Structures are given as C-alpha cells and as structure tokens.
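**Q** this is the structure alone, sequence omitted:
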RNA sequence: GAGCCGUUAGCUCAGUUGGCAGAGCACCGGACUUUUAAUCCGGGUGUCCUGGGUUCGAGCCCCAGACGGCUCACCA
C-alpha cells in the first residue's frame, strides 16, 4: 500500500477505513501537484454566512468571500450546490462550470464533505429563492481526512457526542445553541454584577486547606514546595477574606472540583459562581439570586420563561419562598413537631420507607425526607430557607432560633441550583463550628469541614455582616436549555478512558 | 459502588427459531447547468465491543470483562 503513491504507513491512524484511505490519497495527489492545502495560512474572508443572508438586499450582485466547512453537496452535472457552515451558520454555494472553467470545476469536484474551503463569488438568489454565493474561485483550506456523521440524523451516539464534541458541534445545531446560550448567560451574569458594583476576582484553585463546602477534594502535589495541595471545593473562604480586606462586593466564576460520583447532575469539575456582599443578609441574597437568574435568562434566551417536560417555568422574580420544615410538611405530610424528637422522626421516616437507622441525626432525616418528597416537586423557582445550623458551619444562626441558620437553597425543575446564607462573621463562634466539624471528621465523616486558622484570624480582624451566594452555572444552563444531563452543558464532560490496557 | 438497558458499515439503525452480514445516508463508478434529505442506474466498503465457553455451526445462547446510558447512593 505504501508503495502505490499513497500516504506513508506511519502517517495513518489506528482506525482507518476505505473512506479515509481515499481522502488521504486525494491529499497526496494535491501535495504532488504542489497544492498542499495545509500550507495556506490565512484566507481573506469578507463576510460570515449569516451576514450575507441578512444583508442580501445590499449585497446582491456584489462579490464576497466566505469560508467554512463543506457540509453537503448536491451535484447536477455541470452545476453543483454546496452547503457551507461557518461560525454564524449555513450558506449555500453554487458552482457552475460556466463560471469556474472546466479545470477549476473538475478540481472542485474532488472536494469532500467535511473539507474546509474558502469561496469568492457573487451574491445571488436561486430559482427557489435561497441566498447563494455563486463561486468564481474555490480554495481548499484544509482537507478533512475523516467523513462527517450522517447529515439527516446527525450524531446521536451520546458517547461519541461527549468524547468528540467537535463532531457534535458540527452535526447538531442544538449542541451549538446550548453552548452559545451558556456563554451569553455567563456574560449576562457578569454584566449584572458589574453594574451593581461587584468586583470580579480570581482566588486560588490550588489550596492548602480545602474549605468552604462539605465535600471530598482532589489531592495533588507541588514538587518544589514538596507538599500536598487540594483542588478547591469552593472559593468561599478566600472571597470572604477579601470582604475582610474591604473589597465589599466580590465575585468569582470558575472551575470547582469535588471528588465524588458522576451523574446527570454532577461532574467532578464544574463551574460555580460565588459572590459576597458586605452589609447584606440572606434575604437580600434571595433578591440578588432571582435577579441574576432572570437577567441571565432574558439575555441568553430573550425571555424569562423556559419549557421543561411540557411545563412552563417562570424565572422572573419574585420566586416562591418556603421554610424547609414547612416544605417537608406540605409535600411529605410530616408535621414539624414530629421532627423535634429523634425517635419520632425516625419512626416517621421508617413509615415513609426511608432508611432510619438508630443514631441517624435528625438533620439527615429531614434532608432525606426533603430529597425524596419535596425536591422533585419544586419545579417553579423556589427558595427553601432556614436550614439546620448543624449542617451549615459557615452560616450565621438565626438570633431567635440558634438551631436554624439564615441559609437558603434555590430549586428549579427539581434541581438544586445553589446555596446561600448570611455569613457567619463571629470568629469565636466560627472556631466552635470548626471544632465541631473536626470532631465529626474524627468520627469518620471525611466531608466534614477542616480547621482553617488563617481564616479564623481574618475574621478576628473583623468582617462586616455579609451575604453570600453559590450558584452552579452548569445547572443553571441545564434549566435554561432544557438539558436533562449536566454532560449536555459541559463541553468536555469527564468520562472513563476510552480504552483500557 | 449497586441494579437495569445498550454496543452490528464512516453515521443512523434492522437482524426472525442458532444456518452465507442487512437497509438508509455517506462513499465509489456512470447520467444530469438552480438543487436543498436533489433525482436516476450500478457497486457493500464489516475486529457484529473484547476474551472465553456451549454447538456441526454463534451477531443471536452461557460466563467474565470494557465502555456508555438511565435509576439509586454522596454532593452544587
């Protein structure tokens, strides 16, 4: 094979097939003719596909240059229609032997679907009314050696969609749309916060003490310092140090890592918005949260309503607000007084078919009830508030009921979208909470919060009363795009190795 | 980590009771100068996920494994 003018053996990939072989041979012939497409470094594009279509009235008869990927071909002898896909969308090209000449038309016939091409030509409308570039010159800018997925069904195989996202983006317009919505939503959030005087900052991703949340971290190692570091599970404690430092409104949008299971709602690395506002409490955070989300939806989708499972979700404020225990009563039918005593609470859970082993803390029982009976019902945006202090070690307790924290979690479409509270700024109380967590860690709870003396020292310098929010960007995008899986809104979700050796 | 389902051509998918591996698109050859899932004629290009086993014979049955999806468990 290698001797028949084909490409050298070592240039081939491991999964060659007939179509790839043919394309490699075409590339070889081009190179032998001194027309190696990969030597071209630029193409003077004058218009995007969408621009040509949108400005047809003024461009008709004018010459334009467009470039992109050849995604379809319809041959009619001495005329051929091509579909060109660029970053803005699709435009049709018309190649005619009359215009190109016999030789150029023949060479254009050697193009393959998937090739990257540049075309110079006049803007016309075809007999069927489609805006089209009638080519005067066609340039191959990059050869596609592999065939594209099928044009009609696109790329359906979810594993291939995740592993080869580039193919998904080429073949499935909906996938392109999702990531455009995601980008617009994030930009809208930044604009919204910037306009309200927030400062965007970056805090360490490599942290010596992984705090700010209750979760297992990834461990890594710095060679020069010869010490283990952790990939952050939250940016919380660093951002609050900035509040101490007088940056009174700060936020960060960035990757966060939790060493836990993977599911349709969890990726080991995800994007979180965290923000902190001095002199505000969790009530103010509710208003800020619903404002951020509604604005993101408006800017990304042009509407505050989204469809999901045939139901319309209205994201415009105000959202419903309900106390955790009231929600449990409403949806699970369990009276708050039944949850005061651990024995009665366990009996109620057992009755409902939930695990209720001896010694299970009431807070866990409440959480189980909530997740089983309440959370799936919270389709419209809902703030659930007043969580047990024991599971909120960084939140300020309610002055009147210290067993409850000034904390809320927002839910949309049954998804937990974030977490927020009035930040605990009493350094002595924070130390007691940390000690409580350290004791739980000693009991084997490896998600309990570690002690962080430097954070306590910062609080000892004085932090104003502060409200804070964490918002899962990926999950918000799931809501905005109606995506059932978090993998649909993360460009390269975590998967197992493709091949095991 | 557990349960259920899936893996067949480049892509989307059929494959009957265990009996020569199939279709559409893509691709290759031919016709065609305004089509848009173009059309018409001709051509199947394959590690049936992998490794064992049963059988005269395995895509199909059995066992083990890989990868993926969904559900559950922990979390945002």
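**A** On my side now, so go ahead. Owing to the predicted nature of the structure, the values given are computational and were not obtained by experimental measurement.
**Q** what's downstream of the strand ranked longest in chain A, the next helix or strand?
**A** Identified as the longest strand of chain A according to DSSP state E is strand A:63-76. Remark: after strand A:63-76, the chain's next helix or strand is strand A:79-86, criterion DSSP states H and E.
**Q** for that next one, buried residues please.
**A** Neighbour counts over strand A:79-86 (16 or more other CB atoms under 10 Å) mark A:80, A:81, A:82, A:83, A:84, A:85, A:86 as buried. Just so you know, the C-beta spots here come from the backbone N, C-alpha and C atoms, and that holds for glycine as well.
**Q** before we move on, what about stretch A:283-303?
**A** In stretch A:283-303, counting by 16+ other CB under 10 Å, buried: A:285-286, A:288-301.
**Q** and for stretch A:381-401?
**A** Buried residues in stretch A:381-401, defined by neighbour count with 16+ other CB under 10 Å: A:381-390, A:392-397.
**Q** cool, stretch A:136-145 as well?
**A** Those would be A:138, A:139, A:140, A:141, A:143, A:144, A:145, for stretch A:136-145 by 16+ other CB under 10 Å.
**Q** not counting its neighbours along the chain, what's nearest the fifth one?
**A** Right, the one you point to is residue A:143. With sequence-adjacent residues excluded and distances taken as CB to CB, 6 or more residues apart in numbering, residue A:143 is closest to residue A:27, at 4.8 Å.
**Q** show the pLDDT at the one you found.
**A** For residue A:27, the model assigns a pLDDT of 95.
**Q** try the one 5 residues further on
**A** Reported pLDDT at residue A:32 in the predicted model: 93.
**Q** ramachandran coordinates for it?
**A** phi -60, psi -30 (degrees, to the nearest 10).
**Q** against RNA strand B, how distant is it?
**A** 17 Å (CB to the nearest atom of the strand, to the nearest Å).
**Q** do stretch A:433-444 and RNA strand B meet at all?
**A** No. Under the criterion of CB under 7 Å from any atom of the strand, RNA strand B is not reached by stretch A:433-444; the shortest gap measures 11.3 Å.
**Q** same check, this time on stretch A:76-91
**A** Yes. Using CB under 7 Å from any atom of the strand, stretch A:76-91 reaches RNA strand B at A:76, A:77, A:78, A:79, A:81.
**Q** could you list the low-pLDDT ranges of the stretch 1-150 of chain A?
**A** A:1-15 (pLDDT under 70).
**Q** all helices in it, in order from the N-terminus.
**A** A:18-32, A:49-54, A:56-59, A:97-100, A:102-109 (DSSP state H, counting those that start in this stretch).
**Q** so which bits of the stretch 101-250 of chain A are right by RNA strand B?
**A** Looking at RNA strand B, the residues of the stretch 101-250 of chain A close enough under CB under 7 Å from any atom of the strand are A:112-113, A:124, A:126-130, A:132, A:134, A:146-160, A:162, A:213-215.
**Q** need the buried ones from these selected in PyMOL.
**A** Applying 16+ other CB under 10 Å to those leaves a buried subset, and the PyMOL line that selects it is:
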select buried, chain A and resi 112+124+132+134+148+149+154+155+162+213+214+215
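**Q** who's in contact with residue A:436?
**A** A:390, A:393 (CB atoms under 8 Å, 6 or more residues apart in numbering).
**Q** then residue A:161?
**A** A:155, A:167, A:168, A:172, A:175.
**Q** try 6 Å
**A** A:155, A:168 (CB atoms under 6 Å, 6 or more residues apart in numbering).
**Q** one more: the one 4 residues further on?
**A** Taking CB under 6 Å, 6+ apart, we find residue A:165 in contact with A:491, A:492.
**Q** kindly recompute the last result at 8 Å.
**A** A:175, A:491, A:492.
**Q** any low-confidence regions in chain A?
**A** Within chain A, the ranges that satisfy pLDDT under 70 run A:1-15, A:499-501.
**Q** which helix runs longest in it?
**A** helix A:173-195 (DSSP state H).
**Q** tell me which helix or strand comes right after that one.
**A** With DSSP H and E, the next secondary element past helix A:173-195 is strand A:199-200.
**Q** can you give me how far that next one is from the chain middle?
**A** Mean C-alpha position of strand A:199-200 versus that of the full chain (CA atoms, centre = their mean, to the nearest Å) differs by 21 Å.
**Q** what strands line up against that strand, and which way round?
**A** Here strand A:199-200 has these sheet partners by DSSP bridges: strand A:249-257 (parallel).
**Q** list the buried ones in the partner strand?
**A** By 16+ other CB under 10 Å, the buried positions in strand A:249-257 come out as A:249, A:250, A:251, A:252, A:253, A:254, A:256, A:257.
**Q** and the residue nearest to residue A:360 when sequence neighbours are not counted, its phi and psi?
**A** Distances taken as CB to CB, 6+ apart place residue A:346 nearest to residue A:360, at 6.6 Å, with adjacent residues excluded. Main-chain dihedrals, residue A:346, degrees, to the nearest 10: phi -60, psi -40.
**Q** good, wrapping up.
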